[in-house]
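Chemist: structure for the following, please:
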Amino acid sequence: MLGHDLARVLKDSHQIFGVGRKKRSFGNGIKYFRCDLLNPSDLQKIVKQVRPDVVIHSAGKTQVDDCELNPLEAYSENVLATQFLVKALKPYRPRFIHVSSDYVFDGKKKSPYVESDSPAPLSAYGATKFLGEEAVRNSGLSWVIVRTSWLYGLNGPNFVETMLRMGRDRDVLNVVTDQKGSPTYTKDLAFAIKKIVEEKKSRGIFNVTNSGVTNWNAYAKAILKESGLNHIKVLGIKARDFNRPAPRPENSVLDNSKFQKTFRFKARNWQAALKDYLKEAQAK
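Modeler: Coordinates of the predicted model:
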């Protein structure tokens with residue numbers, strides 16, 4: 001999902017190579033390599049052939065409940081794959097941009113999280129994303145870690161599409177009210193990462209999300225309203241009553257001020273991004 005938007009945002013100004021496990025086509029002359037990141041020998045061959053200047057690691061196992069039920073798989077895809085990738089890259093020393101998550105935090109802080117806050121993940125997903133960050137920090141490469149939240153985009157399953165699908169099938173939806181964060185369109189995140197790519201001296205951890213804060217319930221209502229499905233009732237429910245395998249942080253809000261100051265770039269508010277996404281999705 002993010003990889004596709006990175007390709008379309010960067011392709012006009014950079015030579016792009018895609019790498020992934022599944023058969024895909026990015027078009028526009030972008031060369032794509034099929035490769036399981038858990039296969040070190042294949043990774044090494046690709047890296048040797050391409051010799052990249054910058055690598056953006058946007059792959060990972062992101063299904064939070066599935067990670068909780070299959071923690072070894074989550075560890076393999078979020079930690080081992082990252083370790084294998086940085087090891088393969090080390091001889092060529094590219095800049096390494098790693099995409100991480102708000103779920104590295106426990107959500108107990110009352111204010112937005114800043115980059116220097118201590119991670120304390122609640123779930124297997126959050127724990128493996130944090131261990132992936134550790135692999136990057138210890139890689140010896142020149143690295144940037146981008147923490148983001150509540151991603152949705154045109155080329156992958158996401159909360160927006162789930163709400164639209166459920167709204168077409170049901171008259172009443174139950175959606176959690178006690179978890180807040182910032183929905184982030186992958187296209188907007190890709191533009192932000194482009195800034196990092198082109199500001200070659202940047203280092204460290206940066207929070208990057210669309211601006212503004214909401215909760216899942218209000219977000220669902222906004223999605224349905226923008227899509228003309230106002231007749232669907234969205235009822236509130238507490239997260240503890242939803243009975244999902246993985247706990248979620250109550251507060252997923254990330255403070256973006258460090259990124260805004262460093263790159264002189266502020267992502268638009270989540271409402272404007274959502275309207276744009278729905279128009280693009282309809283036209284697709």
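Chemist: tell me the spacing between residue 92 and residue 10.
Modeler: 19 Å (Cβ to Cβ, to the nearest Å). C-beta here means a position set from N, CA and C on the backbone, and glycine is covered the same way.
Chemist: the more surrounded of the two?
Modeler: Neighbour count, other Cβ atoms under 10 Å: between residue 92 and residue 10, residue 10 has more, with 20 against 14.
Chemist: list the contacts of that one.
Modeler: 16, 190, 194, 197 (Cβ atoms under 8 Å, 6 or more residues apart in numbering).
Chemist: for the stretch 51-200 of the chain, just list every one of the strands.
Modeler: 54-57, 95-101, 142-148, 151-152, 172-176, 180-181, 184-185 (DSSP state E, counting those that start in this stretch).
Chemist: among the ones you listed, which is the most enclosed?
Modeler: Greatest average neighbour count among those goes to strand 184-185 (a mean of 26), per mean count of other Cβ atoms under 10 Å.
Chemist: which outside residues touch that strand?
Modeler: Under the criterion Cβ under 8 Å, 6+ apart, residues 148-153, 208-210, 267, 270, 273-274, 276-277 lie in contact with strand 184-185.
Chemist: cutoff 10 Å now
Modeler: For strand 184-185, contacts defined as Cβ atoms under 10 Å, 6 or more residues apart in numbering pick out 2, 5, 102, 148-154, 158, 160, 191-192, 208-211, 254, 267-268, 270, 272-274, 276-277, 280.
Chemist: give the buried subset of these as a PyMOL selection command.
Modeler: To isolate the buried members of those in PyMOL, using 16 or more other Cβ atoms under 10 Å:
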select buried, resi 2+5+102+148+149+150+151+152+153+154+158+160+191+192+208+209+210+211+254+267+270+273+274+277
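Chemist: for the contacts of residue 10, give me a markdown table that also has pLDDT.
Modeler: As requested, the contacts of residue 10 are exported to a markdown table (pLDDT from 0 to 100):
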| residue | pLDDT |
| --- | --- |
| 16 | 94 |
| 190 | 98 |
| 194 | 97 |
| 197 | 96 |
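Chemist: in a markdown table, list the strands of the stretch 51-200 of the chain along with distance to residue 64 and mean pLDDT.
Modeler: Output for these, formatted as a markdown table (distance: least, Cβ to Cβ, whole Å; pLDDT from 0 to 100):
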| stretch | distance to residue 64 | mean pLDDT |
| --- | --- | --- |
| strand 54-57 | 19 | 98 |
| strand 95-101 | 9 | 98 |
| strand 142-148 | 14 | 98 |
| strand 151-152 | 12 | 98 |
| strand 172-176 | 13 | 96 |
| strand 180-181 | 13 | 98 |
| strand 184-185 | 16 | 98 |
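Chemist: right, and those strands - which one's nearest residue 220?
Modeler: Of all the strands of the stretch 51-200 of the chain, it is strand 172-176 that lies closest to residue 220, at 4.4 Å by Cβ to Cβ.
Chemist: and the closest one, what does it pack onto?
Modeler: Where contact means 3 or more Cβ pairs under 10 Å, 6 or more residues apart in numbering; DSSP states H and E, strand 172-176 is packed against helix 159-169, helix 216-226, strand 233-237, helix 239-242.
Chemist: rerun at 7 Å
Modeler: helix 216-226, strand 233-237 (3 or more Cβ pairs under 7 Å, 6 or more residues apart in numbering; DSSP states H and E).
Chemist: Throw the ones you listed into JSON lines and include distance to residue 248, mean pLDDT and mean neighbour count, thanks.
Modeler: Shown next, in JSON lines, are the helices and strands packed on strand 172-176 (distance: least, Cβ to Cβ, whole Å; pLDDT from 0 to 100; neighbours: other Cβ atoms under 10 Å):
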{"stretch": "helix 216-226", "distance to residue 248": "9", "mean pLDDT": "97", "mean neighbour count": "20"}
{"stretch": "strand 233-237", "distance to residue 248": "13", "mean pLDDT": "96", "mean neighbour count": "15"}
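Chemist: most distant residue from the middle of this protein?
Modeler: residue 231 (31.1 Å; Cα atoms, centre = their mean).
Chemist: so which strand or helix has it?
Modeler: In the assignment (DSSP states H and E), residue 231 maps to no helix and no strand.
Chemist: check contacts around the closest residue to residue 130 other than its chain neighbours.
Modeler: What sits nearest to residue 130 in space, not counting adjacent residues and going by Cβ to Cβ, 6 or more residues apart in numbering, is residue 104, at 4.4 Å. Applying Cβ atoms under 7 Å, 6 or more residues apart in numbering to residue 104 gives the contacts 119, 121, 126, 129, 130, 133, 147.
Chemist: alright, that wraps it up for me.
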